[in-house]
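Asker: mind folding the following:
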Amino acid sequence: EAEVENAPAPIDYSPFLAPWGDPIWPYVPANHPNNPFGTDGELMSRPLGLGNRVHVNQSDAYRAVIGLEGMWGAWDWKLSALASENEVDKQYLNMVSGDDYQYALIGMGGPDGNLWYNPFGFQSENNPVVVDWLTTTARSSDTTGEYSADLLVSRLFGSLPGGAMGVAIGLQYRQQELDQWADDQLLSGELGYKHEPITADRDIFSAFVELQLPLFYNLEAQLALRYEDYSDFGSTTNPKMALRWQPLDSLMFRASYSTSFKPPSFYELYYPLYEDWGWFRDVERCEYTGAYEDCEGDFYPLEQSGNPDLDPEEGTSWFAGLVWNPEFLPGFELQLDFWDFAHEERITPLPAQYVLREKGNFGITRAPDEADGTPGRITLVQETVVNADELHTRGFDTTLGYSWQTDHAGAFRASLMHTYISEWSISDISLLDTDFDENLAGKYWWGGPLPRNRANLGLSWDRGPHGASANIHYVDGFESYENEWVNGEMTDDYIQVSSYTTLDLQY
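Answerer: Modelled structure (predicted):
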């Protein structure tokens, strides 16, 4: 169970009440008894007098697995079945209908349609009858399920210079389900949460074969092939090849190559439409107007949702590395691994501010251009997940470890783990209407920060019933995509976010 309390929502104008025109925000007439301005106006507010929004979530999950295993001649076999389900029931307390809020601002609120709501003042007094009439509780539920059956058989056979070969063969059937339900208030969108009743499922059939080949006493190969057929995204076949070479007892080299396939999740496809307001800088319009609301930012209607038009991801992965345990220093180990990933049709969020920065129009709705050619003001911003043409990332991981035992003081271990990202680039996002190709390593991108360096330094001690450890975690600094301000002037430099270090102690 979880309970989250948020500030009251900024209430959007209801499209069902418009005798006074088409304002962006709720309308307050001049004759409102608490209107301190004495004139008609639009109201940008959060209704503090109605209390904070409260979301209460109850999640119930179960997972059951049953299996059998045994031998059939020279074959080992395993048969298993899985059933899992997760249901999340959500309650939305102190929600306010845009329609009812507008009625109450023009004196037509309450059960009899004759009450005013006073939005002015930090602790404005309102009739409890109109407060109770304005607030409501809505409910939705999400249920996901996965069910599968697996069969695995394996055995040793034949002979190579390094020993007997091994083979494993597997079959799997999986079924995934999603059921989203919402009450009429959420279905209508009047509360700012636009849910849709979604029911989705997919069936997946998989088969794989894997060979373990001891080519020589110190050289081993692994070959694998996996076939999958998705009821909603077709079939795919992906290989894996790996080598392990140990020229010395203390030194081992390893490398692998594989491809992968990942369909979009139900969440990415069918996330319900959520209506809100967002703060954005209109970079393109700013170049024409120089106006504060364009150059520094303004509130615009915002819609966020899943994307049912997503394509699946396809990836290629390379690994190469070594493990070294020098004989002259017992207890010491060095691991060094280089990795390189390339993902086509990478599923990624695409925030509207990045689209605006690149002067694109994906998800941006504008009013008609002005007479002098100035782009029209933004009327709606839509954000969702999209397929980027390619994500390419590479780097290396380093692990150093040293363990030693003393006669009286106990056992000690020191370790250092480090990851370095040399490249994280997303290229040719056609939705941006621009040749976008940028190495984002060491920068902030729309999915979060990408510091080039991360490291963990640890020291542990054990002696009988006692144990203690100290771990230092380091995260490198990175460059923000926002420009730096100096003495009230925007510069061409980006904000630099500093590195940080944390220390964990445990006894």
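Asker: surely residue 130 is in a strand?
Answerer: No. Under DSSP: H, G, I helix; E, B strand; the rest coil, residue 130 sits outside any strand and is assigned helix.
Asker: how about the nearest residue to it, chain neighbours excluded?
Answerer: residue 115 (4.3 Å; Cβ to Cβ, 6 or more residues apart in numbering). (C-beta placed from N, C-alpha, C; glycine too.)
Asker: for the one you found, list the residues it contacts.
Answerer: 104, 107, 109, 127, 129-130, 133 (Cβ atoms under 8 Å, 6 or more residues apart in numbering).
Asker: quick check on these: which are buried?
Answerer: For these, a neighbour count by 16 or more other Cβ atoms under 10 Å gives the buried set as 104, 107, 109, 130, 133.
Asker: out of those, flag the one nearest to residue 393.
Answerer: Taking Cβ to Cβ as the measure, residue 393 lies nearest residue 104 of the buried ones among the contacts of residue 115, at 52.8 Å.
Asker: for the closest residue to residue 405 other than its chain neighbours, give the beta-bridge partners.
Answerer: Leaving aside its sequence neighbours, residue 405 sits nearest to residue 411 (Cβ to Cβ, 6+ apart; 5.0 Å). When bridges are called by DSSP bridges, residue 411 pairs up with residue 405, residue 462.
Asker: gap between residue 411 and residue 461?
Answerer: Distance, residue 411 to residue 461, using Cβ to Cβ, to the nearest Å: 7 Å.
Asker: one more: residue 163?
Answerer: 40 Å.
Asker: try residue 107
Answerer: Using Cβ to Cβ, residue 107 is found at 73 Å from residue 461.
Asker: OK, contacts around the residue nearest to residue 405?
Answerer: So, once contact is read as Cβ under 8 Å, 6+ apart, residue 411 ends up touching 403-405, 461-463.
Asker: what about stretch 179-193, distance to the chain center?
Answerer: Remark: stretch 179-193 is offset 23 Å from the chain centroid, using Cα atoms, centre = their mean, to the nearest Å.
Asker: all helices for this structure, in order.
Answerer: With DSSP state H as the criterion, the chain has helices at 98-105, 128-134, 184-188, 266-270, 283-289, 292-295, 352-357.
Asker: packing partners for the shortest one?
Answerer: Helices and strands touching helix 292-295, as assessed by 3 or more Cβ pairs under 8 Å, 6 or more residues apart in numbering; DSSP states H and E, comprise helix 283-289.
Asker: who touches the helix it packs on?
Answerer: The contact list for helix 283-289 (Cβ under 8 Å, 6+ apart) reads 291, 294-295, 356-357, 359, 372-375, 377-378.
Asker: identify the bridge partners of residue 170.
Answerer: Beta-bridge partners of residue 170, as defined by DSSP bridges: residue 152, residue 208.
Asker: contact partners for the residue nearest in space to the middle of the chain?
Answerer: Closest to where the C-alpha atoms of the chain average out (Cα atoms, centre = their mean) is residue 447, at 7.2 Å. For residue 447, the contacting residues are 348-349, by Cβ under 8 Å, 6+ apart.
Asker: tell me the pLDDT at it?
Answerer: Looking at residue 447, its pLDDT is 73.
Asker: circling back: can you list the buried ones among the contacts of residue 115 in a markdown table and add pLDDT and distance to residue 322?
Answerer: Shown next, in a markdown table, are those (pLDDT from 0 to 100; distance: Cβ to Cβ, whole Å):
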| residue | pLDDT | distance to residue 322 |
| --- | --- | --- |
| 104 | 92 | 71 |
| 107 | 92 | 78 |
| 109 | 92 | 73 |
| 130 | 91 | 73 |
| 133 | 93 | 71 |
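Asker: and the strands in the stretch 151-300 of the chain?
Answerer: 163-182, 193-194, 199-216, 219-230, 234-248, 251-262, 273-280, 298-304 (DSSP state E, counting those that start in this stretch).
Asker: what's the closest of those strands to residue 50?
Answerer: Ranking the strands of the stretch 151-300 of the chain by proximity to residue 50 (Cβ to Cβ) places strand 193-194 first, at 16.4 Å.
Asker: which helices and strands sit right next to the closest one?
Answerer: Where contact means 3+ Cβ pairs under 8 Å, 6+ apart, strand 193-194 is packed against strand 273-280.
Asker: neighbouring strands for the strand it packs on, and are they parallel or not?
Answerer: strand 193-194 (antiparallel), strand 298-304 (antiparallel).
Asker: need the residues that contact it.
Answerer: For strand 273-280, the surrounding residues in contact (Cβ under 8 Å, 6+ apart) are 10, 12, 189, 192-196, 297-305, 352-353, 356, 378, 381, 383.
Asker: what is residue 252 paired to in the beta sheet?
Answerer: Beta-bridge partners, per DSSP bridges, of residue 252: residue 323.
Asker: so it is in contact with residue 219, correct?
Answerer: No. Contact between residue 252 and residue 219 fails when scored by Cβ atoms under 8 Å: they sit 10.7 Å apart.
Asker: closest to residue 77 out of the strands of the stretch 151-300 of the chain?
Answerer: When the strands of the stretch 151-300 of the chain are compared by Cβ to Cβ, strand 163-182 sits nearest residue 77, at 9.9 Å.
Asker: show me where pLDDT drops low in the stretch 401-507 of the chain?
Answerer: 428-437 (pLDDT under 70).
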